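Enquirer: Any chance you could fold what I've pasted below:
(one chain, ligands or ions: 1)
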Amino acid sequence: QEYTALKLKVKEWAPEAEAAIKEKVPEGADVFFVPATLRPETMYGQTCCFVGPKIKYGVFKVSEKEFFVITDRAARNMAYQGIFPGNGVYEKVAEVLGSACVGTLVNAPLSVHKEGVRILPMESVLPTKGTGVVTSVPSDSPDDYATIMDLAKKAEYYGIKKEWAELEIVPIIKTPSYGDLTAPFLVKKLKIASPKDTKQLEEAKELAYKEGFYQGIMVYGDFKGEKVEVAKPKVRQQLLDAKEGFAYAEPERKVVSRSG
Ligand code: ZZB
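Expert: Next up is the predicted model:
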């Protein structure tokens, strides 16, 4: 599974996370949340970034100036992919729970939201997949759309500011069947009421992947008007060239997975 890992630089820490990492990261160093995505062409539409509230994350040293927030498992994998300075070596300088990070403001590369996006909680984040950090694109990911709707509805319960979950959802890709906001369309069509409707969400995800990849046309960004199939590797390459992203491969898993 070949992912694009994206570097979301922390602009302002949530207080609890700040307390956990303070004095463990040198002053002036940059810390990045690093989600893994299969859909680099949708990065314009990022409106927040999810962590599992109960997941334990490490803060790993890439250099004196750069630190990554990811799971231990992802750090171990990255250590064999030339992402850290020494082969097989990864230095953890701090640990922080996902819930402590909620509210942190990060810069999301390519996102229309230049002011930054917030770290928000998502119960369904798997600690065993990708980096355990998931960037949210509610225009094109049904899971993300269902989750932000729920977060906005129950903001107080989740201990977040409602407006953190209400950033504008801008059309990125249009398809003949679902219009220019695929995820909201499918969530409505399949009558998905909450992130707990996992069976329908799985179906919506499959439909969104297929239609988006084979029929999608970009309606935003440098490759506006081009087919998704064609634009996808180009957007990815831009992120790699700008050092805002890097390739991250997931070791073989037992389940059969689709190719990215
Ligand atoms: C941004 C994005 C935009 C994604 C989209 C999807 C879609 P899959 O599809 O199951 O093989 N993801 C990554 N890591 C995790 C994790 N640890 N827990 C839960 N979800 C995770 O998985 C790949 C996608 O699942 C990734 O690509 C990521 O969300 C999420 F418009 O990144 B994606 C129709 C899907 N659209």
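Enquirer: Correct me if wrong: residue 221 contacts residue 234.
Expert: No - look at residue 221 against residue 234 with CB atoms under 8 Å: they stay out of range, at 9.6 Å. Every residue, glycine included, has its C-beta placed from N, CA and C.
Enquirer: Which one of the two is surrounded by more residues?
Expert: residue 221 (20 against 15; other CB atoms under 10 Å).
Enquirer: residues near the closest residue to that one other than its chain neighbours, how many?
Expert: Nearest residue to residue 221, sequence neighbours excluded (CB to CB, 6 or more residues apart in numbering): residue 44, at 5.1 Å. A count of nearby residues for residue 44, using other CB under 10 Å, gives 24.
Enquirer: can you check the one 5 residues further on too?
Expert: Summarising burial for residue 49: neighbours were counted as other CB under 10 Å, giving 24.
Enquirer: Pull the residues that contact the helix or strand hosting it.
Expert: Assigned by DSSP states H and E, residue 49 belongs to strand 48-51. Here strand 48-51 makes contact (CB atoms under 8 Å, 6 or more residues apart in numbering) with 8, 33, 35, 57, 98, 101-102, 106, 108, 117-122, 125, 132-136, 144, 147-148, 164-165, 167.
Enquirer: hmm, it in reach of the ligand?
Expert: No - shown here: strand 48-51 not in contact with the ligand (CB under 6 Å from any ligand atom), separated by at least 7.9 Å.
Enquirer: Quick check: closest non-adjacent residue to the spatially most central residue of the chain.
Expert: What sits nearest the mean C-alpha location of the chain, by CA atoms, centre = their mean, is residue 135, with 1.5 Å. Once flanking residues are discounted, residue 135 sits nearest to residue 35: 3.9 Å by CB to CB, 6+ apart.
Enquirer: same thing with residue 200?
Expert: residue 190 (4.5 Å).
Enquirer: can you pull the pLDDT of residue 253?
Expert: Looking at residue 253, its pLDDT is 67.
Enquirer: Just the element for whatever residue of the stretch 151-260 of the chain ends up closest to the ligand, please.
Expert: As assessed by CB to the nearest ligand atom, the ligand sits closest to residue 208 within the stretch 151-260 of the chain, at 3.5 Å. Using DSSP H and E, residue 208 sits within helix 198-215.
Enquirer: Need the residues that contact that helix.
Expert: Contacts of helix 198-215 (CB under 8 Å, 6+ apart): 39, 124, 140-143, 146, 173, 175-178, 182-183, 186-187, 190-192, 195, 228-229, 232, 258.
Enquirer: if we look at the ligand, which of those are close to it?
Expert: Okay, of the contacts of helix 198-215 touching the ligand (CB under 6 Å from any ligand atom), that's 39, 140-141.
Enquirer: can you pick the most crowded of those?
Expert: That'd be residue 140 among these, by other CB under 10 Å, with 29 neighbours.
Enquirer: Now residue 98: closest residue in space that isn't a chain neighbour?
Expert: residue 51 (3.7 Å).
Enquirer: whoops, residue 230 was the one
Expert: Distances taken as CB to CB, 6+ apart put residue 223 closest to residue 230, at 7.4 Å, once the chain neighbours are dropped.
Enquirer: Need the pLDDT of the one you found.
Expert: 98.
Enquirer: same thing with residue 115?
Expert: 98.
Enquirer: Measure how buried it is and give me the count.
Expert: Counted by other CB under 10 Å, the residues lying close to residue 115 total 9.
Enquirer: Please consider this matter closed, and thank you.
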